[in-house]
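Novice: Return a 3D structure for these sequence lines:
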Amino acid sequence: MFKIFPREKASFSGKRTLFIIALVLAGTVALTAILPAETSDFGVFSLAPAIFLIIYIFATQRILEALILASVIGFIMVSKPAGPDDGSWISNTFANFSEGILSVMMSEDIAWLIIVCGLMGSIIALIEKAGGSYAFGEWIATKAKTEKSSLIWTWVLGIVIFIDDYLNSLTVGSCMTTLTDKHRVPREFLAYVVDSTAAPLCVIIPVSTWAVFCSRILEANGWAPEGEGLLYFVKTIPFNFYGIIAALIVPLVIMGIIPIFGPMREAFHRVAQGGPLAPEGSEKIDIRAGKNNIVPTNPKMSNLFIPVIVLIGSTVLMDCDMQLGVLITLGFMFISYLWQGVMTAEDFMDVALEGLKNMMMPIMLMILAFLFAEVNEQIHFTYFVITSATKVMTPQFMPLIIFIALAITEFITGTNWGMYIIALPIVIPLATALDANVTLAVSAVLSAGVFGSHICFYSDATVITSSATGCNNFDHALTQAPYGLLAAGLSAICFLAAGLIMN
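Specialist: Sure, this is the predicted structure:
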């Protein structure tokens, strides 16, 4: 597989790892000697943790370790020593790191993520135990008898479950893995199809958790009047070029109109040579690891579709509150499965807990990604990127510049909604001041968030899709990146053309 750096994962010894870590930390401490007194003035130095993170991930493929070390670098910069003999930075770094973790763990976003993703793992485990996924797999196998048809069904199912990208990826990925495995589809390609019909679709459909979240931000920042945020979100849909293009590219790749290329071709070559369907290390993140050969008794498709319908319906009725939808669905499944005699109350709790445990690795990755984003915010990384980009902005080129700058930022931080909170309060007033088309500028921000999250190695979209499809998240992101970049390139052309025409 194509690598920017030689693959060192197998030969990366403990002593060598410790030496590199010590070297990196020593270099960071030395860097603090030339840092400005205020973190808001770090400027180009705020890029240091991000640059280290990207290099380390490609060199080692150890994402958990990379996120921790990159965060430590950021916290050392925040806790810079007052002089060459000042050792207080050590205790300050530990204190700031600890406070950063506590701040992340106490945030509403992480609490929501742990509850929703953890309990979604429980729902999936319960559906599998009840035989819902197995019955659906057996039924759809009679309809999808070729590799292409199985993938088209995956794409269609992803379009149908549009309410939330987590629900989409977890449900479609876990349901379709068995079928695509029968047709010897590399897990990387399945992950690409699933991921590309999750967030890209949610950001262009007005009845989704993304639409509700974005509409509230648009109201909070004064562009949309109170209560009309959703109407203003709808205005951005025709110009959310990345979401539209990324979703439309998928069937073109499946049908062979756009050829398999880049690292994805090597994944197909591995499988064609009789190699494993999943890349190395995928079992660590696979929420279905070791369970693919279990045949449930009396499987029924209703035990899949009815809970999913309840989940979608309750989420919509509860003002697109995914957390309430998950809790209501679990309550419904408890009553339904016990009434059918599918499992006892004790079995239900055991399976629910097992599903929750299966989500620990994905949740840990996302917590560390949020920690990295937290320290980036403290050293004003995103602010530096945005303000640097504004220096060359004109009304005509503003959408293109925003899309490129924030796409890069989001690829590094991996927190799409978090980036929206930071970027939109800057972009909306700036577009107004420049007399630029605000709708187009907001669309560029939304598109950039989807792109960065879509191809980031540790973003929530990548991690959730990887866990559902049983594909190592590094390999999933690497093989998906060329298609994401293709969509991004076409989107950039569209933003340039729209900016020239509409401003």
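Novice: residue boundaries of the strands in this protein?
Specialist: Under the criterion DSSP state E, strands are not mapped anywhere in the chain.
Novice: what sits against the closest residue to residue 247 other than its chain neighbours?
Specialist: Excluding the flanking residues, the one nearest residue 247 by CB to CB, 6 or more residues apart in numbering is residue 200, at 4.6 Å. Bear in mind the C-beta positions are built from the backbone N, C-alpha and C, glycine included. If a contact means CB atoms under 8 Å, 6 or more residues apart in numbering, then residue 200 has 242, 243, 244, 246, 247, 450, 454 as its contacts.
Novice: Of those residues, which is the nearest to residue 112?
Specialist: Closest approach to residue 112 among those (CB to CB): residue 450, at 19.4 Å.
Novice: thought the closest one was touching residue 243?
Specialist: Yes - contact between residue 450 and residue 243 holds when scored by CB atoms under 8 Å: they sit 5.4 Å apart.
Novice: Now the common contact residues for these two.
Specialist: 199, 200, 203.
Novice: ok, the second one to residue 193 distance?
Specialist: If I follow you right, that is residue 200. 12 Å (CB to CB, to the nearest Å).
Novice: Hmm, residue 261 is touching residue 481, no?
Specialist: No - using CB under 8 Å as the test, residue 261 is too far from residue 481 to be in contact (11.4 Å).
Novice: Now do the helices in the stretch 251-400 of the chain.
Specialist: 263-272, 302-317, 322-340, 345-358, 360-378, 381-390, 398-413 (DSSP state H, counting those that start in this stretch).
Novice: mind giving me TSV with those helices and columns for mean neighbour count and mean pLDDT?
Specialist: As requested, these are exported to TSV (neighbours: other CB atoms under 10 Å; pLDDT from 0 to 100):
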stretch	mean neighbour count	mean pLDDT
helix 263-272	18	95
helix 302-317	19	86
helix 322-340	18	92
helix 345-358	16	89
helix 360-378	22	85
helix 381-390	19	81
helix 398-413	25	89
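Novice: so can I have CSV of these showing distance to residue 73?
Specialist: What follows is the helices of the stretch 251-400 of the chain, written out as CSV (distance: least, CB to CB, whole Å):
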stretch, distance to residue 73
helix 263-272, 28
helix 302-317, 39
helix 322-340, 34
helix 345-358, 31
helix 360-378, 8
helix 381-390, 12
helix 398-413, 13
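Novice: right, and these - which one's nearest residue 117?
Specialist: Here helix 360-378 is closest among the helices of the stretch 251-400 of the chain (CB to CB), at 5.8 Å.
Novice: Which other helices and strands does that closest one contact?
Specialist: Helices and strands touching helix 360-378, by 3 or more CB pairs under 8 Å, 6 or more residues apart in numbering; DSSP states H and E, are helix 48-60, helix 63-78, helix 88-106, helix 108-129, helix 398-413, helix 416-433, helix 460-469.
Novice: Identify whichever of these lies nearest to residue 444.
Specialist: Of all the helices and strands packed on helix 360-378, helix 398-413 comes closest under CB to CB, at 4.2 Å.
Novice: Report all helices and strands that that closest one contacts.
Specialist: Applying 3+ CB pairs under 8 Å, 6+ apart, we find helix 398-413 packed against helix 48-60, helix 360-378, helix 381-390, helix 416-433, helix 438-455, helix 473-502.
Novice: Could you check how far the third one is from the centre of its chain?
Specialist: What separates the centre of helix 381-390 from the centre of its chain is 22 Å, taken as CA atoms, centre = their mean, to the nearest Å.
Novice: Kindly report the same for the fifth one.
Specialist: When C-alpha coordinates are averaged (CA atoms, centre = their mean), helix 438-455 and its chain have centres 14 Å apart.
Novice: I'd like to check the angle between that helix and helix 460-469, please.
Specialist: Angle, helix 438-455 to helix 460-469, by axes from the mean of the first three to the mean of the last three CA atoms, to 10 degrees: 40 degrees.
Novice: can you tell which of the helices of the stretch 251-400 of the chain is closest to residue 100?
Specialist: Ranking the helices of the stretch 251-400 of the chain by proximity to residue 100 (CB to CB) places helix 360-378 first, at 5.1 Å.
Novice: The closest one to helix 460-469, inter-axis angle?
Specialist: 170 degrees.
Novice: Of all the helices of the stretch 251-400 of the chain, which one comes closest to residue 110?
Specialist: Taking the helices of the stretch 251-400 of the chain one by one with CB to CB, helix 360-378 is closest: 6.0 Å.
Novice: about what we covered before: and residue 261 and residue 481? Which one has more around it.
Specialist: More neighbours surround residue 481 than the other of residue 261 and residue 481, with 20 against 11 (other CB atoms under 10 Å).
Novice: nearest residue to that one other than its sequence neighbours?
Specialist: residue 455 (4.8 Å).
Novice: measure that neighbour to residue 407 for me?
Specialist: For residue 455, the distance to residue 407 equals 9 Å [CB to CB].
Novice: Also residue 60?
Specialist: Taken as CB to CB, the span from residue 60 to residue 407 is 25 Å.
Novice: Kindly report the same for residue 205.
Specialist: Taking CB to CB as the measure, residue 205 falls 21 Å from residue 407.
Novice: Equivalent analysis for residue 352, please.
Specialist: According to CB to CB, residue 352 stands 38 Å off from residue 407.
Novice: Run a quick neighbour tally on residue 143.
Specialist: Residue 143: 10 surrounding residues under other CB under 10 Å.
Novice: That one contacts residue 153, correct?
Specialist: Yes - counting by CB under 8 Å, residue 143 does reach residue 153; the two are 6.9 Å apart.
Novice: Who are the contact partners of residue 103?
Specialist: Residue 103 is in contact with residue 374, counting by CB under 8 Å, 6+ apart.
Novice: Residue 378 is in contact with residue 39, isn't it?
Specialist: Yes - the pair residue 378 and residue 39 qualifies as a contact (CB under 8 Å) at a distance of 6.0 Å.
Novice: Kindly point out which residues are neighbours of both of the two.
Specialist: By CB under 8 Å, 6+ apart, residue 378 and residue 39 have these common neighbours: residue 78.
Novice: thinking again about what came up before, identify whichever of the helices of the stretch 251-400 of the chain lies nearest to residue 135.
Specialist: helix 302-317 (6.9 Å).
Novice: Helix 322-340 and the closest one, what's the angle between them?
Specialist: 150 degrees.
Novice: just to revisit the earlier point, just say which of the helices and strands packed on helix 360-378 is most tucked in.
Specialist: helix 460-469 (a mean of 30; mean count of other CB atoms under 10 Å).
Novice: Verify the stated contact: residue 395 with residue 435.
Specialist: Yes - here residue 395 lies in contact with residue 435, judged by CB under 8 Å, at a distance of 6.0 Å.
Novice: Neighbour count for the two, which is higher?
Specialist: residue 395 (17 against 9).
Novice: Spit out the contact partners of the more buried one.
Specialist: Per CB under 8 Å, 6+ apart, neighbours of residue 395: 434, 435, 436, 437, 499, 503.
Novice: now those as TSV including distance to residue 473?
Specialist: Shown next, in TSV, are the contacts of residue 395 (distance: CB to CB, whole Å):
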residue	distance to residue 473
434	39
435	43
436	37
437	37
499	34
503	39
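Novice: So the nearest residue to residue 365 once chain neighbours are set aside versus residue 448, what's the distance?
Specialist: Nearest residue to residue 365, sequence neighbours excluded (CB to CB, 6+ apart): residue 463, at 4.8 Å. Going from residue 463 to residue 448 by CB to CB gives 20 Å.
Novice: Ok, residue 485 next?
Specialist: Taking CB to CB as the measure, residue 485 falls 13 Å from residue 448.
Novice: Please consider this matter closed, and thank you.
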